[in-house]
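Enquirer: here is the input, now give the coordinates:
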Amino acid sequence: MPTRRAVLGAGAATALAVLGAGCAPRTPGSAGGAAAGQEGAALTARPTGSPPTGAPEPGTRPLGLVSSRDPLLHVPPDPGTGPLPLVVSLHGAGGDAEAGLGLLRPAADEQGLVVLAPASRGPTWDAVGGEYGRDAALVDRALAEVFGTVPVDPARIAVAGFSDGASYALGLGLANGGLFRHIVAFSPGFVPPAPRSGSPAVFVSHGVDDDVLPIDRTSRRIVPALEDDGYDVTYREFPGPHAVPPEVLHAAVEWLAAD
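Expert: Predicted structure coming up:
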């Protein structure tokens with residue numbers, strides 16, 4: 001069975017290979033030729049016209065959508081009566097829903113953010129090494145379930161992730177800008193291609209000493225390309241490896257909560 005480091009390395013190799021091949025620049029809301037075969041990234045779930053009322057029960061629970069690697073939903077200790085901000089948090093290669101949840105849970109509790117943490121069907125997210133498919137479909141089902149049970153603020157829905165999860169967050173977020181108003185990408189490798197919609201704001205962080213997804217081949221290319229395409233990008237480099245330092249996490253969560 002491959003080690004976590006081996007899985008991370010495989011995900012990084014795929015990301016760097018795709019990035020090296022290049023992606024055609026696209027303005028916000030445009031499809032772009034490279035994305036023509038990636039329509040599976042489009043999500044259909046939306047907050048209901050008549051959202052649930054009352055305060056949801058705090059804590060973490062599985063959604064019960066699949067028998068293996070079920071998505072987790074976390075409601076902060078004092079959620080109030082809503083509508084509530086929601087962040088979809090995506091784990092890195094070799095991770096699971098708990099890893100995605102653990103990425104944001106402490107800081108999200110401080111800011112009162114609801115966190116939805118799905119898990120990829122394979123070792124990493126489908127579009128990292130291929131096309132959007134089962135993973136995007138499960139994210140869509142999980143969002144529909146959450147929208148039916150939690151009063152979510154449509155103007156404060158975000159997608160976030162680390163490493164391969166950050167790459168997937170960029171791909172899904174840019175493809176669904178009408179749903180995700182904010183994207184947080186901690187140490188991404190590349191942007192999986194898909195037709196784009198909307199103009200979400202983007203937060204990117206990356207360690208200058210990252211030896212898994214080296215910054216010169218990843219975020220230092222991704223960020224200027226997004227800015228050239230017209231996106232509002234907040235970018236933070238830090239002295240360190242392939243990780244999410246506490247101060248960077250808090251900066252990202254505060255950025256989410258401030259808008």
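Enquirer: the longest strand in this structure is where?
Expert: For the chain, the strand with the greatest residue count under DSSP state E is strand 152-162.
Enquirer: so which elements touch it?
Expert: Other elements packing on strand 152-162 under the criterion 3 or more C-beta pairs under 8 Å, 6 or more residues apart in numbering; DSSP states H and E are strand 84-90, helix 97-111, helix 164-175, strand 182-186, helix 246-258. Every C-beta, even on glycine, is put in place using the N, C-alpha and C of the backbone.
Enquirer: can you lay out the ones you listed as TSV showing distance to V208?
Expert: As requested, these are arranged in TSV below (distance: least, C-beta to C-beta, whole Å):
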stretch	distance to V208
strand 84-90	23
helix 97-111	21
helix 164-175	16
strand 182-186	14
helix 246-258	12
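Enquirer: picking up where we left off before, what pairs with the longest strand of the chain, and is each one parallel or antiparallel?
Expert: Taking DSSP bridges as the criterion, strand 152-162 sits next to strand 84-90 (parallel), strand 182-186 (parallel) in its sheet.
Enquirer: quick one: pLDDT of P200?
Expert: With respect to pLDDT, P200 scores 98.
Enquirer: residues contacting it?
Expert: 173-174, 177, 180-183, 231 (C-beta atoms under 8 Å, 6 or more residues apart in numbering).
Enquirer: for it, give its distance to S67.
Expert: Taking C-beta to C-beta, to the nearest Å as the measure, P200 falls 33 Å from S67.
Enquirer: and E145, what element?
Expert: helix 134-149 (DSSP states H and E).
Enquirer: so that helix versus helix 97-111, what angle?
Expert: 40 degrees (axes from the mean of the first three to the mean of the last three C-alpha atoms, to 10 degrees).
Enquirer: which elements pack onto helix 134-149?
Expert: Where contact means 3+ C-beta pairs under 8 Å, 6+ apart, helix 134-149 is packed against strand 84-90, strand 114-117, helix 126-129, helix 164-175.
Enquirer: just the angle for that helix relative to helix 164-175, thanks.
Expert: 70 degrees.
Enquirer: could you give me the buried positions within helix 134-149?
Expert: 135-136, 138-147 (16 or more other C-beta atoms under 10 Å).
Enquirer: picking up where we left off before, quick one: closest of the helices and strands packed on helix 134-149 to A258.
Expert: When these are compared by C-beta to C-beta, strand 84-90 sits nearest A258, at 11.1 Å.
Enquirer: for the residue lying farthest from the centre of the chain, which non-adjacent residue is closest in space?
Expert: Most distant residue from the mean C-alpha position of the chain: G54, 27.4 Å away (C-alpha atoms, centre = their mean). Distances taken as C-beta to C-beta, 6 or more residues apart in numbering put T81 closest to G54, at 6.3 Å, once the chain neighbours are dropped.
Enquirer: sorry, back to before: dump the contacts of P200 to a markdown table, plus neighbour count and pLDDT.
Expert: Formatted as a markdown table, those follow (neighbours: other C-beta atoms under 10 Å; pLDDT from 0 to 100):
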| residue | neighbour count | pLDDT |
| --- | --- | --- |
| G173 | 29 | 98 |
| L174 | 30 | 98 |
| G177 | 19 | 97 |
| F180 | 24 | 98 |
| R181 | 21 | 97 |
| H182 | 23 | 98 |
| I183 | 27 | 98 |
| Y231 | 19 | 98 |
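Enquirer: now the residues you listed as JSON lines including distance to L256?
Expert: What follows is the contacts of P200, written out as JSON lines (distance: C-beta to C-beta, whole Å):
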{"residue": "G173", "distance to L256": "13"}
{"residue": "L174", "distance to L256": "17"}
{"residue": "G177", "distance to L256": "16"}
{"residue": "F180", "distance to L256": "11"}
{"residue": "R181", "distance to L256": "9"}
{"residue": "H182", "distance to L256": "6"}
{"residue": "I183", "distance to L256": "10"}
{"residue": "Y231", "distance to L256": "16"}
